[in-house]
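Novice: Next one to model:
(chains A, B, C and D)
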Protein chains: 2
Amino acid sequence: MATGRTHRPATRSRGIPEATVARLPLYLRALTALSERSVPTVSSEELAAAAGVNSAKLRKDFSYLGSYGTRGVGYDVEYLVYQISRELGLTQDWPVVIVGIGNLGAALANYGGFASRGFRVAALIDADPAMAGKPVAGIAVQHTDELEHIIEDNGVSIGVIATPAGAAQQVCERLVAAGVTSILNFAPTVLSVPDGVDVRKVDLSIELQILAFHEQRKAGEETGHESAAPAPVADAGAVEAGRKGPDGDVPAVMPA
Amino acid sequence: MATGRTHRPATRSRGIPEATVARLPLYLRALTALSERSVPTVSSEELAAAAGVNSAKLRKDFSYLGSYGTRGVGYDVEYLVYQISRELGLTQDWPVVIVGIGNLGAALANYGGFASRGFRVAALIDADPAMAGKPVAGIAVQHTDELEHIIEDNGVSIGVIATPAGAAQQVCERLVAAGVTSILNFAPTVLSVPDGVDVRKVDLSIELQILAFHEQRKAGEETGHESAAPAPVADAGAVEAGRKGPDGDVPAVMPA
DNA sequence: ATGTCTTTGTGAACGCGTGCACAAAGATAG
DNA sequence: CTATCTTTGTGCACGCGTTCACAAAGACAT
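Specialist: As a prediction, the model looks like this:
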């Protein structure tokens, strides 16, 4: 998982567990694919396989939405697509602003899946005056000065932050002050926001580090240490990848 | 949270809970910042605030690594940076390949946080012959034909998939066959992999949909429906954002 | 050396999420 | 109409993760 919810500790929304909400988009995607192939119905087993989850879990997830299946048959694909879309709020239009049009921001602006499913890029915003007016993904970039103006005029409630880490908190505060209540943060920083504002983060660096942890573990087991004692460590990994730094006792100095 | 772990149901690695592993990078980042400011020690309270978590949780997390704190004082910043780095496997070099050099792939290649902390972009791979040889982020893009060759020669065990959804599973299989055992997937598809291979996914579209769900909920509460009954729904949201589609009973047709 | 004060490390309780396993419900055939 | 077969919906138990609250440990002053 690349993100983590912030705030809202156990405030299960309307009885639908957070874990279930996080899977609904997955089901929706699988269902949309079936719909395009004109498949009329699916069983929980088939759909679960397509979404990569357990069928019992899927049935329980759907049970939170209501009884939309038919016993002995399965679920009506079209109907379920509609119900999930509605539950997720995708039957309405969500204008979104992207702040920080660097490599990543531009990539996001160009991302096709963005436009689909009710999301619409209302504006691209960047602090660099040289960027202003330049078209990215067919939309002219606007200067940060316009931020509040844009949010209010378009009724934007979802903001995407793709700025450098240093600027993220400040941008966040301006977005929130202007009326944004949901933020998707790509900057490698912890954002602090007032209650009522949702933040989800996507952090490449964290994901890689988690993978590295497991990778190291696999390599360690492979070469023999079964580690029952607290810490044999010290020479973990070094698999076939040559290089293995001077694993001394001096704290490694970490850039950025 | 933007991603979700796949496989490895309850295989707690070496006694360190998965949830803790996922937070270690967060602590490391906060600690690194402190280190750069030459702060010698931190209390669990301070560090927890910086990382955006509960102090009790942080202490319990650290307790899985060992007793690295001093009661009455706190934690030695440098020492902790080193211990966490070692635990995460960041004291060694991790060559990484990025497959799919479109907008996103290029953004990832240019991402600074990539190079830091032991990760090194070993190669950029794309299926488009026209891309071959073109430099992106100072590295010449190589053709997909070279994939197996590159993986083996560089001892790559971590792969990043930034291809279109349609190509992801196939690329994944080739990566795994060539020896990659950890995959970070940016393509909006469920990847199926053999046991022993870790997959983490980052999915923009899913994140937005989760935000939309909560956003809709907030808007609904605001305008009055406290929803005790199963489903008053139907006119959720439409806040001040003008547009509100014909919210009829015909299943919405979803592009892509 | 003794006492006070701060902060860690953890035992215990609780709640959420998952998965099993089965009863209920409906389709379908005879 | 009855029997059989399929598939949903869910009660229940279990395990992980979070949080509280406090005892133990060490620093520091006297």
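Novice: Would you agree residue A:77 is in contact with residue A:43?
Specialist: No: in this structure residue A:77 lies outside contact range of residue A:43 using C-beta atoms under 8 Å: 11.2 Å. Backbone N, C-alpha and C define where each C-beta goes, glycine included.
Novice: out of the two, which sits in the more crowded spot?
Specialist: Legend: neighbour count by other C-beta atoms under 10 Å in any protein chain shown for residue A:77 and residue A:43, higher for residue A:77 (23 against 16).
Novice: list the contacts for the more buried one?
Specialist: A:31, A:34, A:35, A:39, A:40, A:41, A:42 (C-beta atoms under 8 Å, 6 or more residues apart in numbering or on different chains).
Novice: Just the buried ones from these, in ChimeraX syntax?
Specialist: One line in ChimeraX is enough to select the buried ones among these; burial here means 16 or more other C-beta atoms under 10 Å in any protein chain shown:
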select /A:31,34,35,41,42
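Novice: show me which of the contacts of residue A:77 neighbour DNA strand D.
Specialist: Checking these against DNA strand D by C-beta under 7 Å from any atom of the strand, the ones in range are residue A:42.
Novice: Out of the contacts of residue A:77, which are close to chain B?
Specialist: Taking C-beta under 8 Å from any C-beta of the partner chain as the test, chain B is in contact with residue A:35 out of the contacts of residue A:77.
Novice: In strands, which of the contacts of residue A:77 appear?
Specialist: A:41, A:42 (DSSP state E).
Novice: which one among the contacts of residue A:77 gets closest to DNA strand C?
Specialist: Closest to DNA strand C out of these is residue A:41 (9.7 Å), distances taken as C-beta to the nearest atom of the strand.
Novice: hey, what's residue A:199 bridged with?
Specialist: Beta-bridge pairing of residue A:199 under DSSP bridges involves residue A:183.
Novice: Can you give me every residue that contacts the residue lying closest to residue A:132 once chain neighbours are set aside?
Specialist: Closest residue to residue A:132 apart from its sequence neighbours, by C-beta to C-beta, 6 or more residues apart in numbering or on different chains: residue A:143 at 4.5 Å. Residue A:143 sits next to A:125, A:126, A:127, A:129, A:131, A:132 when contact means C-beta under 8 Å, 6+ apart.
Novice: Give the bridge partners for residue A:143, please.
Specialist: Going by DSSP bridges, residue A:143 is paired in beta bridges with residue A:126.
Novice: and it, how far is that from DNA strand C?
Specialist: Residue A:143 sits 41 Å away from DNA strand C, going by C-beta to the nearest atom of the strand, to the nearest Å.
Novice: what's the closest non-adjacent residue to residue A:50?
Specialist: Nearest non-adjacent residue to residue A:50, counting by C-beta to C-beta, 6+ apart: residue A:30, 4.0 Å away.
Novice: Just list the residues touching that neighbour, thanks.
Specialist: Residue A:30 touches A:47, A:50, A:51, B:190, counting by C-beta under 8 Å, 6+ apart.
Novice: I'd say the third one and residue B:190 touch.
Specialist: Yes: the pair residue A:51 and residue B:190 qualifies as a contact (C-beta under 8 Å) at a distance of 6.4 Å.
Novice: shared neighbours of these two, anything?
Specialist: By the contact definition C-beta under 8 Å, 6+ apart, residue A:51 and residue B:190 are jointly contacted by A:26, A:30.
Novice: low-confidence ranges in the stretch 101-250 of chain A?
Specialist: A:221-250 (pLDDT under 70).
Novice: could I get the helix or strand where residue A:148 lies in CSV with only the CA atoms?
Specialist: Assessed by DSSP states H and E, residue A:148 sits inside helix A:147-154. This file holds the C-alpha atoms of helix A:147-154, laid out as CSV (Å, rounded to 0.1, in the frame of the first residue of the first chain):
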residue,chain,number,x,y,z
LEU,A,147,-5.0,29.6,-6.3
GLU,A,148,-7.7,30.9,-4.0
HIS,A,149,-9.5,32.5,-7.0
ILE,A,150,-9.5,29.2,-8.9
ILE,A,151,-10.7,27.0,-6.0
GLU,A,152,-13.6,29.3,-5.3
ASP,A,153,-14.7,29.9,-8.8
ASN,A,154,-14.7,26.2,-9.7
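Novice: what about it, near chain B?
Specialist: Yes: judged by C-beta under 8 Å from any C-beta, helix A:147-154 comes into contact with chain B at residue A:154.
Novice: can you give me the strands in the stretch 101-250 of chain A?
Specialist: Secondary structure of the stretch 101-250 of chain A (DSSP state E, counting those that start in this stretch): strands at A:119-126, A:135-136, A:139-143, A:158-161, A:182-185, A:198-201.
Novice: For DNA strand D, which of these is the nearest?
Specialist: Using C-beta to the nearest atom of the strand, the nearest of the strands of the stretch 101-250 of chain A to DNA strand D is strand A:198-201, at 14.6 Å.
Novice: Which residue is the nearest non-sequential neighbour of residue A:133?
Specialist: Among residues not flanking residue A:133 along the chain, residue A:140 sits closest, at 5.5 Å (C-beta to C-beta, 6+ apart).
Novice: Quick check: the one you found vs residue A:176, distance?
Specialist: Remark: distance between residue A:140 and residue A:176 (C-beta to C-beta, to the nearest Å) = 25 Å.
Novice: residues of whichever strand or helix holds residue A:19 that come out buried?
Specialist: Following DSSP H and E, one finds residue A:19 within helix A:18-36. Within helix A:18-36, the residues that count as buried by 16+ other C-beta under 10 Å are A:18, A:20-32, A:34-35.
Novice: which one of the residues you listed is nearest chain B?
Specialist: The closest of these to chain B turns out to be residue A:25 (C-beta to the nearest C-beta; 4.2 Å).
Novice: what's the burial count for the residue nearest to residue A:133?
Specialist: The number of residues packed near residue A:140 is 12, by other C-beta under 10 Å.
Novice: again, but for residue A:178
Specialist: Around residue A:178 there are 16 other residues, counting by other C-beta under 10 Å.
Novice: How about it, nearest residue that isn't a chain neighbour?
Specialist: Spatially, and ignoring its direct neighbours in sequence, residue A:178 is nearest to residue A:151 (3.9 Å; C-beta to C-beta, 6+ apart).
Novice: Tell me how far that neighbour lies from residue B:17.
Specialist: For residue A:151, the distance to residue B:17 equals 40 Å [C-beta to C-beta].
Novice: tally of neighbours for the nearest residue to residue A:120 once chain neighbours are set aside?
Specialist: Spatial nearest neighbour of residue A:120, chain neighbours left out: residue A:95 (5.4 Å); criterion: C-beta to C-beta, 6+ apart. Neighbours of residue A:95 under the rule other C-beta under 10 Å: 21.
Novice: Would you mind giving both backbone torsions of residue A:95?
Specialist: The phi and psi values for residue A:95, taken as degrees, to the nearest 10, are phi -70, psi 140.
Novice: what does residue A:93 give?
Specialist: Phi and psi for residue A:93, reported as degrees, to the nearest 10, are phi -90, psi 130.
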